[in-house]
Structure formats: structure tokens, C-alpha cells
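J.: Please find the sequence and the predicted model below.
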Amino acid sequence: MQNKGALKLLAVLAALACAYHLSFTFVSRSVERDAAEYAAQFAPEQQAMKEIAYLDSVKNETVYNLGFVEFNYREVKEKELNLGLDLRGGMNVMLEISPEDVIRALSNYNQDPMFNEALGKAREAQATSADFITTFANAYDEISGGAPLAPLFNTPELKEYINAQSSNSEVIEVLRTESKSAFDNSFNILRSRIDRFGVTQPNVQQLENNRILVELPGVKEPERVRDLLQGTASLEFWATYNNDEIFPFLSQVNTLLAQNAQAESTEENTEATATEEDNELLAQLGDSVSQQNKANIEAWKKANPLFSKLTPWMNEAGQLYGGPVVGVANSYDMAAVNEMLELPQVKALLPRDLRLMWGAKGMDEANTAFQLYAIKANTRDGQAPLDGGVITNAQATYAQTGSSAEVDMTMNATGARTWARMTADNLNRSIAIVLDGYVYSAPTVNSEITGGRSQITGNFTIQEATDLANLLKSGKLPAPARIINDKVVGPSLGQESIELGMISFLIAFCLVLLYMGLFYSGAGWLADLALLCNVFLMMGILSSFGAVLTLPGIAGIVLTMGMAVDANVIIYERIKEELRAGKNLSTAIADGFSNAFSAILDGNITTIITGVVLFLFGTGPVQGFATTLIIGVITSLFCGLIITRLLILSFVDKGKNVKFSHKWSANFLSNTKINFINGRKISYIVSGVLILATVVSFFTRGFNQGVDFSGGRAYVIQFDQAVSDDQAREALTAVFGDKENASFEVKQFGNERENQKRIVTQYLHADQSESATATVNKMLHEALNPLFANSLTEEQFTHTNETAYGILQSDKVGPNVAHDIKVNSIIAVLFSLLAIGLYIVIRFKKWQWGMGAVISLIHNALLVMGLYSLCYGLFPFTLEVDQSFIAAILTIIGYSINDTVVIFDRIREFNTLYPKRSLKDNINNAINSTLARTINTSATTAITLLAIIIFGGTVIRGFVVALLWGIIVGTYSSVFVATPIAYDMMTKKDKKALKEEK
């Protein structure tokens, strides 16, 4: 083996890199354990807040010191291996900015009957059409008899873009531009709201069709999240106080709080308690400040309760800065400052029209320090003198002088008059631009601004100016974000998922290690060491990429472990062949690795192709599965081809003998003489019968469509006592009765001891409103409450943070989401088949091999689909057609093509070595020679999946059963379908050519 030194160095560097990335996860967990221990000292009702306070206090403290570089907790948290919603608990929300709402707003809510009828038709067609605006325009053209669109949108707000002579195509283009602007603005507002919600590692993504995906791990208040995400943005303009006008009042507040602290007893002294907590924090953080310095600091804090948390806005010489900013506080002190400023005795000292608001963004890149602004609310009704409704346009432009950007803002006539008065009254002062109670900008007024057009400067970058322009337009287009799909997973279910997933992983992993060691003797145990390296590298790469580990992701890891042995099996079987041919050990090892390389490479590339398609067209958990599958295949190649070889050679080079089999496994399936080609008609009949049964089932039984595909609601209900399926079904029937689309399904969820039921209903599935969800929840409570030993209120039943029983998990998917998933799923399957077929044609030079492989894959996909159709309702777990169903189909495609490619590769080799032999003989000999590898690989993968089925929990059991059936079908089709079909196509072509010659 050449360049062994370089390969060893590469392996060591890869291991060090993975250890480095994984270390952040261990450090993060260590800090969080310290936080939990610190919080445990307090009363149970205070522990959650104390834990958060501890983590906030170390956010910018060094918690990981490598000597040459230091990391604070925030940086460590960003680099750790993330857990998905199913493992950590939290909320997954998909929101939609309705194009119908945007169009209505752009028309100033025009009441024209034809306009509203066209919107209605577009709404009805939206389920099958992604372009709402084109559908609306076509509908209006049809209803109005070709009337122009311009009169509908010739409003004051759009006068710069649309006039009476504008063509329909011009109007449509404006509608598209304004809709995109509304969507981008809503995305920015949602992102800023989520940042302030305090969720660790949130994920906010723009999707197609005006949709936004929000993932909030660890969230325990779903109603608060829904209110936060669906609330209408409130954009306001406020006059401000100057810093020097407010500082004297804040000094009085600081003195008052200090006096109150001194007057109270030690036991009741809340500030002293806070100081003790600070001391405990300092002690646990290992602060090296001397005790005397600590005493001085604490004495100063006692004398300055407010200013110890809120630093006055002044320079080092004690001179106040100008402008509306009155102080700066660290993010973890903001809540304490708010609490102090809300005290009645403090409010009595402050001006009645003073409102203090925090800046929306931190002063530094880390968002650790925030400015406090002094707002002057001097209007009669206390409302903002000007709101976002008057903004007709705002856009980012470059300043005429310098390289900074500015914002050009235009108002309507009413807003222009109010704006002129505000700017005249606030010359050389600031006007604050406020969204949702947070100050985004506070430009200084240099002169009275008339005409409603003005520029906002502030040394902005072009991106910052664009964001501010979008912010200013938020009041112009009321485009509320509507939740069309939300998934809440209770943290307790997440903990159960972790435990079950890890148990299944460990058991499956140990079984694979044992199998390899027992079958391949010493070489098998060396392969096990490479497999351990594989797991280590895979987890390290997942961590370095910032991947999110989900339960399907764990399934992907375990499945990858089963497939990882395939490379070793192929290599070891080739080495055994070389040894049986009489070669010495070193030569057999070299030739075995060399001859196995092409089969390993081709097989893994086809699996990667499937994983890439799965990642591109899947969502959420499916993408998690694809990520781990792709990374696992890559690390398996590295460990199988490099690490395993280095380990074997380390023994051989020292003169030690490495055995590749025991006596009983040395000739396992090595002398088979099965004539597979002659038996192909039997396999065609078997496959034909199975496919016929599958197709008949498609039209008679259909599929048990999950809410992903049909739309509806699914619940996991936790009971406090044993409840049978029949009891739950009877109770639901009594309440839901014969209501339209009120069909439901009741299944045992988990072990019977867990007392959980999974209930799926399509009742009101087309109504995505919160009121409809509340109606279904109320009916569920009414039906199921009598089955609880201790009766629950409706509030307790629907909010599991108050009780351990009731609705543990809920899914809501509107029919639009279902349509999108169907389309993307079909595209994913077609693309994967096309990509794999093309790759095989290119690699094996004949289209018949590609066609045989594709037909085999279609065969496998149909039979896996047949399992879902024929067997749903027969097992104590669900076989729903949902996103996991698509993952199963594509995974089987990737797995079975790997097996097929290995056989094709051996046939190609035999055709090259023995060109005078018939194609039939070469095919039969190739399949027989790879039979040991086929059985061993399938067996290890099947053992892995069986372990997951038994120990992995109900959440993924149906998915894994489909994978196991797919492994069986895929192994069968590689031998009995793909190769015989390719053979028949090639011999048919040869027979036709021979006939033409005659």
C-alpha cells in the first residue's frame, strides 16, 4: 500500500478534527448541568428562571479554554451537536403569507363584486396551482369579460407604479413585486420576534409559495408562540426625550431603590438576596477577583441598585451623551431593569409621559448589550402620533455623498401633514421608529420635512437600510402570517425518544460488531474497530456541519452502520477468493482491496445520489435522515477502504497472521452453481403476482393517508390509566357521531404500560383556523375525559405543561401542505430513478443495465407501497402514507441499487476476463460468486433493523418495518429481477440482429 504515512496522518487529523467539534457538545452539556445544579438550590417554582439566569450570566464568559483560543457559552452552544424537536421537545411551525390578503390590501380592500369573485376562484384553485396572482388575473379576465386590472389598483399608495393606462401585464408585475416585499418584510419581523423570544438555536427559513418554516426547540408554551407569530406588526413613530432630561430622574430612582434596600431587613432584602445569588454565580464561575475587590463591588452594587444593572449613557469623564439613549444594559440584566422601572414608587418619580423602550438590536455583534431609549408619549390618548399605515413607499438607496446607505421614505397626504408637524416640533431631536415595542432606529431631525418625503440616515450598510425600508413598509401591507402546519412535541416525549433511540442504536451496533467478529474471525474484529471509527467520524462531521440530529436521523445512523459493513464484506469476500486461488496473504489483501474498489465506489455513489434527492425534496425529519445517510456513506467509504486496510497491514507488516474466516465460514456459499437465468420465469411470476396484488389493493383498499397527505389533525393522548382501543373508539363515536369528515383512527401508541393512544381525525381538516382546532380539542376532551381516572379540565387536557396527562403531541396540516408534499414526493422518486439510471448507463456502457436497474427499483418501490396498502390496520403501529413513507421508498431505492451494482460490477469483470464464455454463464457465475456478500450484507442490515423495531419505540416502528421489507425485496430483486431483465433485453437485441442477418 503506497503513502501509508500520509494516510495515517490523514486519519489522525480527521480524528482530531472530529474530537474538536464533538468537544463543544460535551462542554455545553457540562455547563447546563452546572446550571441545573445551581437552580436546584431554590424553590421548585423558581428553578426554571434561575437556570435561565445562570446560563445568561455565562453567555459571554469563557467556559472552554484550549490555551490558544477561548470560547464563551454562546459560542460553544452554536457549535454543539443540535437535537431536533423530536429529541428535545419544542415546536415546528409553518406559516403562510396569504397572497389573497396582500392583493386585497393593495386594492385598498376594493368591494367590486367581480374582483371578489375572482379572488374566490383563485382561492379555490390554489390547491392545484402555485401561482395565485396569475390564477387571479385569469379569473378576473374571464369574469369581467377582459376588463383591465389597473382601475382596481390605481390607489394613492401605488400611484407611482400603476395608472389608468397600465396594462394587465404591468399590473401583474407590480403585484408580484409588492407581494414579495410583503413576504420579505414579514419574514424579517418574524425573525426579530423569535430572536426576542429567547429560544436557543431557533431555525427560521424562507420556503417557496410564500411560506416560512419556524423551528423552536425547547419551547413549552405553544399558545404564546402562536400568538407571537400570528400577531399583526405595530409600526409607530414617537417623539423622544434627550438623555440629559431623563438622567436626573433616573438618579432619583437609583437613590430611592438604595434607600429602600437599606431600610429592609436582611431576610427580606431582595437586593441582598440577588447579591448572594451573584456571589454564588461568581464562585461557581471560578472568579479570581480578590475577596476585598468583591466586597467593594458588592457595596457599590448595594448603593446603586439601578445603575449596577443599567449603565448611564455617558463617557469616561462622566459627561452625558446627547440623543434619546439613557442607558445600556447587558441582555441578562434587562429583565431586572424592567422590574425595577415598573415599581409603583419608581413610576411616581418619572415623567407621566415617559416610556422606556429597548433597542431591537444589540450594540455589539454578539447582541449582549442593549440601549434603553426615552420615548415621549405626550399625545392625548397615549397613542403614537404617527403609525405605519401612512407609509406608501420606502426603499434603500446610496447616499449622495459617502459610501453609506440611506432610506428614502414616502407618506400619504395625511401622514405628510402629521410628519411635518412632528419634525417641526422636534428640531435637533430624535424621532424613534418603533416596531412591536422595540426601537429600530432614532434619526435626528435637522429641519422641518414637508411633502411627506424624507431621508433617514444613520451610517447604514445597504443590508441594514434594506431591512429598515422593509420595516417601514410593514404598516403599508397588512399581510398577517397564518399558521398552516404546527407540530408540538412535549419534552417528556422527546426524552423518551432519546432513550429508545439510543437503546436501539447500542443494541443494533453490538449485534453488527458480534456478527462481523464471529463470521470473519480476526479480520472481522479489525473491521469492528473501523466501524467504531466510523461512528466517531460521523458524529464529528454532523457536529461540524451544524446538523440537527432527529429520531429519523438516529435511524439513518443505525441503518448506515448496517450498510457500513458492506464495504468490509465485499473486500473480505474478494480476499477469501484470492486466498482460495493460492495467493499468499499480502498479495491476496492487495488484490482483494483493488478488485473490490469499483464495486464499492459505484454502489455507494448510487446511495449518495438517493440521499441527495431525499435532502433536496424532503422536509424536516426526512432531511435529517438524508443528512446522516449521506455523511454515513462517505465515512463508511473512508473507514472501509483506508482505516480497515491500515489496521490489517499493521499486523501483516509485523509478520502476524490475520484470519479472514473460521473453518465453518471459510467456504460459505463459495461453491454454489445455481442457474439463476433459467429460473427467471419463476421470479417473473412471483413478482407479477405480488405487483398484481399490490395494484388491486391500491384501487380497493387504497392507503391509510396520514395528515401530511390528506390534511387533518393527529393527537397523542396520555391517559392516567389503562384504556383499550375499543373504549376510546366508542367514546369518540358518541361525540363525533356522523359528522361530515369526522372519521377517526385509534391506535395503541408505545407499550400498553405507557397508556398512550394515537388518534387521527379529519374532522374540520379544511379549516386551518385556531377556532377549528379549539373545536376539535374541545370535542376530544368531551369524548375522552370520562376515560381518565382523575377528571381533567379542558385547559389541563390541552396544555401538558400543567399536567402529565392529556394531549402530549399534536399535528395540524392543511390540505395545501398535503398537495405540496405529494408533488415533491413524486418529483423525488422520479429524479432519483432518472439519476441512478443515467449513472449506471454511463458506468456500464449499455442502456440495458440501466433499464434493468430502473425496472427493478420501480418493482421494489411498488412492493413497499403495497405493504402500506395491504397491511395497514393489521399491525399495532401505524403504516401511514406520510413523509416517513417517502423516506422509506427512497432509502430502499438507494439500498437495493447498491446490491444490484455490486452484481453488475462482477458481471462486467467476468465479461472482461472470460469474453468467450456466454453472457448467460458469466451472469450465473457472477451472481453465485457474490452470493456470500449479498447474504452477509442483507443479514447485518436486517439484524440492525430488527433491533430498532424491537427496541426503538413506536414513533419509527412502521417506518423501520417498511425498510426491513424493502431490504428483503431489494435483495430478491437484485438477483431475480434486475439482472434477468437486463439479460433478456440484451439477448433479445442479439436475436433480432441475428434474424435480420439471416
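T.: Happy to help now that I have it.
J.: confidence score at the nearest residue to Arg701 once chain neighbours are set aside?
T.: In this structure, Arg701 finds its nearest non-sequential neighbour in Ser869, 5.5 Å apart by C-beta to C-beta, 6 or more residues apart in numbering. Quick note: C-beta positions are derived from backbone N, CA and C, even for glycine. Reading off the confidence values, Ser869 has pLDDT 89.
J.: ok, now Val955?
T.: At Val955, the predicted lDDT confidence score is 60.
J.: re earlier: can you give me the neighbour number for the residue nearest to Arg701?
T.: Ser869: 22 surrounding residues under other C-beta atoms under 10 Å.
J.: Quick check: it vs Ile968, distance?
T.: As judged by C-beta to C-beta, to the nearest Å, Ser869 and Ile968 stand 17 Å apart.
J.: Kindly report the same for Leu764.
T.: Taken as C-beta to C-beta, the span from Leu764 to Ile968 is 40 Å.
J.: Can you spell out which helices and strands pack onto the longest helix seen in the chain?
T.: Across the chain, the helix with the greatest residue count (assigned by DSSP state H) is helix 491-544. Identification of packing neighbours for helix 491-544 by 3 or more C-beta pairs under 8 Å, 6 or more residues apart in numbering; DSSP states H and E yields helix 4-39, helix 85-88, helix 551-580, helix 621-638, helix 644-652, strand 806-813, helix 931-951.
J.: That one relative to strand 806-813, how many degrees between them?
T.: Relative orientation of helix 491-544 versus strand 806-813 (axes from the mean of the first three to the mean of the last three C-alpha atoms, to 10 degrees): 50 degrees.
J.: what is the orientation angle of helix 491-544 with helix 644-652?
T.: Using the same axes, to 10 degrees: helix 491-544 against helix 644-652 is 70 degrees.
J.: After helix 491-544, heading C-terminal, what element do we hit next?
T.: The element immediately downstream of helix 491-544 (helix or strand, assigned by DSSP states H and E) is strand 548-549.
J.: elements contacting that next one?
T.: Using 3+ C-beta pairs under 8 Å, 6+ apart: strand 548-549 touches strand 82-83, helix 621-638.
J.: looking at these, which is buried most?
T.: helix 621-638 (a mean of 24; mean count of other C-beta atoms under 10 Å).
J.: quick check: mean pLDDT across it?
T.: For helix 621-638, the per-residue pLDDT averages 80.
J.: Off-centre distance for that helix?
T.: 16 Å (C-alpha atoms, centre = their mean, to the nearest Å).
J.: Now do it against helix 551-580, angle only.
T.: Going by the same axes, to 10 degrees, helix 621-638 makes 20 degrees with helix 551-580.
J.: what helices or strands is helix 621-638 leaning on?
T.: So helix 621-638, by 3+ C-beta pairs under 8 Å, 6+ apart, packs with helix 491-544, strand 548-549, helix 551-580, helix 585-617, helix 883-913.
J.: so where's the stretch 551-700 of the chain shaky on pLDDT?
T.: Within the stretch 551-700 of the chain, the ranges that satisfy pLDDT under 70 run 551-552, 554-555, 558-559, 562, 618-624.
J.: before we move on, the earlier item: just the mean pLDDT for the longest helix of the chain, thanks.
T.: Average pLDDT, helix 491-544: 81.
J.: Show residues contacting the helix or strand containing Val960.
T.: Per DSSP H and E, Val960 falls inside helix 957-973. Counting by C-beta atoms under 8 Å, 6 or more residues apart in numbering, helix 957-973 makes contact with 552, 555, 559, 683, 687, 856, 859-860, 863-864, 867-868, 875, 877-880, 884-885, 887-888, 891-892, 895-896, 899-900, 934, 938, 941-942, 945-946, 948-949, 952, all of which sit outside it.
J.: swap in stretch 444-454?
T.: In contact with stretch 444-454 (C-beta under 8 Å, 6+ apart) are residues 323, 408-413, 415-416, 419-420, 423-424, 426-431.
J.: And that stretch, end to end?
T.: Stretch 444-454 has an end-to-end distance of 12 Å (C-alpha to C-alpha, to the nearest Å).
J.: Distance of the nearest residue to Tyr895 once chain neighbours are set aside relative to Leu690?
T.: Computed as C-beta to C-beta, 6+ apart, the closest residue to Tyr895 that is not its neighbour in sequence is Gly970, at 5.6 Å. Taking C-beta to C-beta as the measure, Gly970 falls 14 Å from Leu690.
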